[in-house]
Each structure stands twice: as C-alpha cells, then as structure tokens.
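**Q** coords below, sequence missing:
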C-alpha cells in the first residue's frame, strides 16, 4: 500500500529547527525578513532610508525621524520573552498533529504558566485572523456541531446548558478530497447567524451541501448555491457520503480536544478551533508553517493580556 504523502512528509525536525532558529540573532534576522521582505520601510511614512541605533536596537527613519524597534507594532511587541522562546512556541504549536496545551508549553519552554498562556493565545489569534481572511470556495460540506456535553440532569440535545455551538465547513476539490476547513463559534443555529457567517467565510458561487437544518438556507444571502440533504438524524446520518469529510473533521477535532486539552472553555473556543483549522489547512507543507506563522505574526497588531482574556466574538 502506498504511503500517504501528507502523513509521511519529512516536516521540520527539532534539530533542523534549532539549526535555523537556535539563536536570538537568527530569530531577529528571520523577523526582519518577514516584516520587511523588501528592506526597511518606516511604519510612519513608508520611507526606506534609515539608520540603526545599535545600542537601543531601534531603527530611525531619515525622513520623519520616527523610531521603531524590530518588534514594535507586531504580535511580539511588549514581550519580555526572547524571540528564541517565541519561535520554539511556534514550533510546538504547528508541528504536532494534535497541538500542545499551555501546561505542556510551560514545561517545554521553561516559562511560567501565565507567560505560556499569553504566548499561545497570541499565536492562536494570529492563526485565527489569517484564516478568517481566506474564505472557502468551490464545493463545501457544512454541518452543525457543539463543544461540551450534557450536564447531569440537564436538557438534552440542541440548547443544552454548557454546549458551545459552532459551524463546521470543509472545502473539497473535484476529486472529493478535503482541501481546507473552517470551524467557527456562533451564537446559535439561526438563519441570521448562518447568513452572517457565510458573508464572512464563503466566496460567492460556492456550492454548499448541508443537512436539512432550516437555518442553513441563510447561506444563499452570500450568493452561494445550497443543496440540503435531509439525513433523518441518528447514527445512520453520520455515514452519509455527502458529509463524509465534515463529519470526520468534527470527530477528529473533538478527539484532539479531549486528548490534548480535556475540554476547552467556550469563552476562548474561537481561537482553539482556529488552531486546528490553521494546521489542517497548511498540512501539505509542515516545514513551511514556521515562516508562514512568523510572517503573519509580524502583521498582527499587539494584543495585551486584558484583550486576550476577553471572550472571543462569535463568527
């Protein structure tokens, strides 16, 4: 039997990672290239002419005399951690298939739990914003799903206390293979919520296949074609070939959450869901995830902890 080329790809080994990003100077050089791939540009006026104030680690524009550091205006701004620690964090969040918990990051990086939490959630925010900017297209399988389970003595099914609703969507190619997915927390399965989600996450003319849940008709407001297949519910509905990949992804994500995190809070569910999507959508080139995430981090604005602690908006 032929090996799965995605699963058996070389990826980026830890020794190779350390060879590329093992020193602070190497990490600084990488950040400079990601932030200014065509050479320095003043963030204030866009001018290229500049000088470096070596003792302070600042770049000063020759035109407007604005001073900026390598990490100011990026996700790394205000950090007290070395860039080597950030880069190791990116490695541990992108290379393992099931991700890495904050507690594991704390141990791997040798930092406090709170510092590991901030590092992880800032990187997850960068992942989320990047994927949110890339709508799905072509053929998409759509389904409703929930995080959390029934509380003893509580209501069963949709609307049960403690459940976090989210939309699961998987884009497939002409051969029916999964290309990309999007998992988005929403307030509830109402037509208006699905319409708002579709406007943000689907290109017009996308062909969407869903079950018979009435709210999914809302995706047509985004100019998408919609085919509803009534599955009847129950275990047999999961075996419907029209939803093979979306059901598989929902199962994989829930299993990974249980194995790695033992459950996640609904407050920060959008970032955790985005983490799984980010890795899945870039699984074809594991070794490229570090520079891709680093590039995005240099274009993600600073996010202080007080904002990180606020519940992520739905959608």
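**A** Thanks, I have it. Everything numeric here is computed off the predicted structure, so don't read it as measured data. Residues are numbered from 1 along each chain as shown.

**Q** please enumerate the helices of the stretch 1-150 of the chain.
**A** Taking DSSP state H, counting those that start in this stretch as the criterion, the stretch 1-150 of the chain carries its helices at 14-21, 24-35, 83-94, 102-109, 113-132.

**Q** phi, psi for residue 299 please.
**A** phi -110, psi 10 (degrees, to the nearest 10).

**Q** next one: residue 186
**A** Here the main-chain torsion angles of residue 186 (degrees, to the nearest 10) amount to phi -130, psi 170.

**Q** my guess is it meets residue 164, correct?
**A** No: contact criterion CB atoms under 8 Å: residue 186 and residue 164 do not qualify, at 9.3 Å. All C-beta spots, glycine's among them, are computed from the backbone N, C-alpha and C.

**Q** which of the helices of the stretch 1-150 of the chain sits closest to residue 75?
**A** helix 113-132 (5.4 Å; CB to CB).

**Q** any idea of the angle the closest one forms with helix 102-109?
**A** For helix 113-132 against helix 102-109, the angle by axes from the mean of the first three to the mean of the last three CA atoms, to 10 degrees is 110 degrees.

**Q** quick one: contacts for residue 92?
**A** Residue 92 makes contacts with 100, 104-105, 108-109, as judged by CB atoms under 8 Å, 6 or more residues apart in numbering.

**Q** against residue 119, how distant is it?
**A** 10 Å (CB to CB, to the nearest Å).

**Q** kindly report the same for residue 85.
**A** With the distance defined as CB to CB, residue 85 ends up 7 Å from residue 119.

**Q** so which elements touch the helix or strand where residue 306 lies?
**A** Per DSSP states H and E: residue 306 is located in helix 305-308. In this structure, helix 305-308 packs against helix 113-132, with contacts taken as 3 or more CB pairs under 8 Å, 6 or more residues apart in numbering; DSSP states H and E.

**Q** so for the helix it packs on, mean pLDDT?
**A** If you average the pLDDT over helix 113-132, you get 96.

**Q** so what's residue 47 up against?
**A** So residue 47 contacts 41, 61-64 (CB under 8 Å, 6+ apart).

**Q** pLDDT, distance to residue 126 and neighbour count added to those residues, as JSON lines?
**A** Below are those laid out as JSON lines (pLDDT from 0 to 100; distance: CB to CB, whole Å; neighbours: other CB atoms under 10 Å):
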{"residue": "41", "pLDDT": "97", "distance to residue 126": "21", "neighbour count": "16"}
{"residue": "61", "pLDDT": "97", "distance to residue 126": "26", "neighbour count": "21"}
{"residue": "62", "pLDDT": "97", "distance to residue 126": "31", "neighbour count": "11"}
{"residue": "63", "pLDDT": "97", "distance to residue 126": "30", "neighbour count": "13"}
{"residue": "64", "pLDDT": "97", "distance to residue 126": "28", "neighbour count": "12"}
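
**Q** who touches the helix holding residue 306?
**A** Residues outside helix 305-308 that contact it (CB under 8 Å, 6+ apart) are 118, 121-122, 125.

**Q** what do you get if the cut-off is 7 Å, keeping everything else the same?
**A** Outside helix 305-308, the residues within contact range by CB atoms under 7 Å, 6 or more residues apart in numbering are 118, 121-122.
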